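> Need the 3D shape of this:
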Amino acid sequence: MKYLYLHLIASLSILSVKAQEKLLLEEKFSDNRNKWTVVQNSDFSVHIDKGSLHLSKIEKNRERNGCLWYSKKIKGFNTLHNFKISFYSKFVSGGDAFESLDWQWGDINKQPGKGVNGGFYQLNLNLNGSVRLDYFNKGWGRSFNVDIRKQLDDISFEARKLNKYDIIQEGDTLSFSINGRTVFRQFISPIPGDAIGIQQCLKSSIDIDRITIRQTVPAAGKVAEASTVKLQRLPPSLSPDSVIVFPNPFDDVLRVRFNLAEEGHVHILLTDLQGRNIYDDKIYMKAGMNEYKLLTNLPAGLYILTLMRPKQPTIVKKVVRK
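A predicted model of the protein is given here:
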């Protein structure tokens, strides 16, 4: 089961107001001076040609199990700090059960014969129109999905053309944009690491044309501390089964306060009036009062929020995005 440490209420402690931006990588793949690993076997192919990094899995996953875990450490990079990863990519071909692109950042440590260790995030773009954000720490944990079909339609997205992608971490907020349009935003807990990566488990071929990595770091002598998840206590007057959703109407952030009679998995679902799942998350929470903070990038309109808790009534509320 996949697990992601999603922020409920999080704090990133930066002990300085002054910071500087550094260009850590500018790769055009005109040659291999940066020593990208070349792979050629019966399962995978990775090589540089004509100004692009080409990655392929040759067989369908159900016919030959196995994933390409392709990663590279970036000198001076620390994913605990703010960063922007920009790259141009084209999905050349697919042919498996579904088609997707997976990008990773953090501590990605693949040891031959020993699996993958470390802690990192993985952003999955399903070409059918959804984004999934996963967290890995000695094994996959929770994941959640966000429907972005409307955003992709608005920009006339075509995966088989060259597109620009940006992954931006600012404090406890992660943003993902395609061709300059933000299609996904979510609260996260920043984690330390010095690598970027790509996972390729399905039969597919992709090209990466250019990569740049910029990082904003605290001023010299100052330290950034990893964020920690903190649960906020609710007012004593809140009854055990009460749920407060605010603000409503909301702009980008919707908060859900509730009580859990016992610890367990909480399922939070946001649907539109056509019944389509727009936001779907399951998170393990402790008993007591909790607050869940949902960051959205939705069109204005009416949505249905459903909260499901173990051994407590399911709560359904109407919420309005301004």
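> how about the one residue sitting closest to the centre of the chain, phi and psi?
Nearest residue to the geometric centre of the chain (CA atoms, centre = their mean): L133, 3.3 Å. Dihedral pair for L133: phi -110, psi 120, per degrees, to the nearest 10.
> Quick check: beta-bridge partners of it?
Bridge pairing for L133 (DSSP bridges) gives the partners L123, F144.
> Just name whatever secondary elements the lengthiest strand in the chain is in contact with.
Ranked by residue count, the top strand of the chain under DSSP state E comes out as strand 204-218. Under the contact criterion of 3 or more CB pairs under 8 Å, 6 or more residues apart in numbering; DSSP states H and E, strand 204-218 touches strand 19-27, strand 52-57, strand 82-93, strand 195-200. C-beta: built from backbone N, CA, C; applies to glycine.
> avg pLDDT for that strand?
Strand 204-218 comes out with an average pLDDT of 92.
> Would you mind listing the buried residues in that strand?
With burial defined by 16 or more other CB atoms under 10 Å, the residues of strand 204-218 counted as buried are 204-215, 217-218.
> and the residue nearest to the centre of the chain, what does it touch?
L4, Y121, Q122, L123, N124, S143, F144, L174, F184, Q186, I188 (CB atoms under 8 Å, 6 or more residues apart in numbering).
> Phi first, then psi, for the residue nearest to E59 when sequence neighbours are not counted.
Among residues not flanking E59 along the chain, K203 sits closest, at 6.0 Å (CB to CB, 6 or more residues apart in numbering). Reported as degrees, to the nearest 10, the phi and psi values for K203 are phi -60, psi 120.
> Just confirm K203 contacts I58, I think it does.
Yes. If you go by CB atoms under 8 Å, K203 and I58 touch, sitting 7.0 Å apart.
> how close does the residue nearest to E59 sit to A97?
K203 sits 9 Å away from A97, taking CB to CB, to the nearest Å as the criterion.
> okay, the two: which has more neighbours?
Set side by side, K203 and A97 show more neighbours around K203, with 20 against 11, by other CB atoms under 10 Å.
> name the element Q151 belongs to?
helix 149-154 (DSSP states H and E).
> now what about that helix, what contacts it?
N128, G129, S130, I178, R181, V183, N297, P299.
> Likewise for stretch 121-129?
Applying CB under 8 Å, 6+ apart, the contact partners of stretch 121-129 are 4, 91, 94, 98-106, 131-136, 147-149, 152, 159, 167, 174, 176, 184, 188, 191, 199.
> Just the buried ones from these?
Neighbour counting by 16+ other CB under 10 Å classes 4, 91, 94, 99-106, 131-136, 147-148, 152, 159, 167, 174, 176, 184, 188, 191, 199 among the contacts of stretch 121-129 as buried.
> Now, the residues you listed that are in strands?
Among those, DSSP E puts 91, 100-106, 131-136, 147, 167, 174, 176, 184, 199 in strands.
> Hmm, I244 is touching R257, no?
Yes. Using CB under 8 Å, I244 makes contact with R257 at a distance of 4.3 Å.
> who's more crowded, these two?
Neighbour count, other CB under 10 Å: between I244 and R257, R257 has more, with 19 against 14.
> Walk me through the domains of this structure.
As given by automatic domain parsing, the domain ranges for the chain are 9-218, 231-321.
> Select from those the stretch with the lowest mean pLDDT.
domain 231-321 (a mean of 83).
> Please tell me which one of the contacts of helix 149-154 counts the most neighbours.
V183 (23 neighbours).
> Any idea what S86 is bridged to?
Here S86 sits in beta bridges with D166, T212, as judged by DSSP bridges.
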